[in-house]
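1. What follows is a predicted protein model with its sequence.
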Amino acid sequence: MLEQKYMIVRNLNGVNELEKALAVINKKYNNNIQFNRHPEYLSKNSIRFTLKVIDSKKDGARTGFTGRRLINACWHVHGNLFDALFEINPQAVVISRGKKITIDGGNWEDGNIGSMIKPLYFSEACNC
C-alpha cells in the first residue's frame with residue numbers, strides 16, 4: 001500500500017480557515033511554512049493539501065534518514081497546524097497517513113519512519 005502523501009481536511013467553512021491556521025503557526029516558524037500547492041477541493045466538504053518550508057535551513061524543516069535537510073514541513077509543524085485548525089473550527093477532521101485526527105484525538109501520534117535497525121521517529125526528524 002502506498003502511503004498517502006497529502007492530508008485531507010473535512011468540515012471546514014472554506015480554504016480560508018486552513019489559511020488562517022497557517023498564519024497562526026507561521027508566527028512560531030518565522031513565516032517559513034507554506035502550502036506545497038494551493039489547497040485543492042476534492043469535493044464540497046474535502047480539501048487536500050501538503051505543507052513545505054521556504055528555507056530548509058530554517059525552523060520547521062524536516063530532516064531525512066541521513067540527516068539531509070528536506071523542504072517538507074516537519075511533524076511539529078503539522079501538529080501545530082492541526083491544533084490551530086481545531087481552535088478555528090472544532091468540527092474539522094483531518095485525514096493524515098490514513099488516520100483520522102479530530103479535536104478529541106489522533107494528533108501528536110509519533111511513528112517510526114526509519115528502520116527497525118536504525119529507527120527515526122517523526123518527532124526526531126527535524127531541529128525543533
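-> Looks like it arrived, so ask away.
2. Helices of the protein, residue ranges please.
-> According to DSSP state H, the chain carries its helices in the segments 15-28, 75-88.
3. ranking those by burial, who's on top?
-> Most buried of these, by mean neighbour count (mean count of other Cβ atoms under 10 Å): helix 75-88, with a mean of 21. Every C-beta, even on glycine, is put in place using the N, C-alpha and C of the backbone.
4. check contacts around the most centrally placed residue in the chain.
-> Nearest to the mean C-alpha position of the chain, by Cα atoms, centre = their mean, lies His78 at 2.7 Å. Contacts for His78 (Cβ atoms under 8 Å, 6 or more residues apart in numbering) come out as Met7, Leu51, Ser96.
5. pLDDT at it, what is it?
-> Looking at His78, its pLDDT stands at 97.
6. Repeat that for Lys27.
-> 98.
7. how close does the residue nearest to the centre of the chain sit to Lys44?
-> From His78 over to Lys44 the distance is 24 Å, taken as Cβ to Cβ, to the nearest Å.
8. go on, Arg10?
-> 10 Å.
9. Between those two, tell me which one has more neighbours.
-> Neighbours per residue, other Cβ atoms under 10 Å: of Arg10 and Lys44, the larger number sits with Arg10, 15 against 6.
10. Report the beta-bridge partners for that one.
-> Counting by DSSP bridges, Arg10 forms beta bridges with Ser46, Val93.
11. now do Ile33
-> On the basis of DSSP bridges, Ile33 is bridged to Val53.
12. and it, what does it touch?
-> Here Ile33 is in contact with Leu22, Ile25, Asn26, Leu51, Lys52, Val53, Ile54, Gly60, Ala73, Val77, Leu81 (Cβ under 8 Å, 6+ apart).
13. 7 Å instead, please
-> By Cβ atoms under 7 Å, 6 or more residues apart in numbering, Ile33 lies in contact with Leu22, Ile25, Asn26, Leu51, Val53, Gly60, Ala73, Val77.
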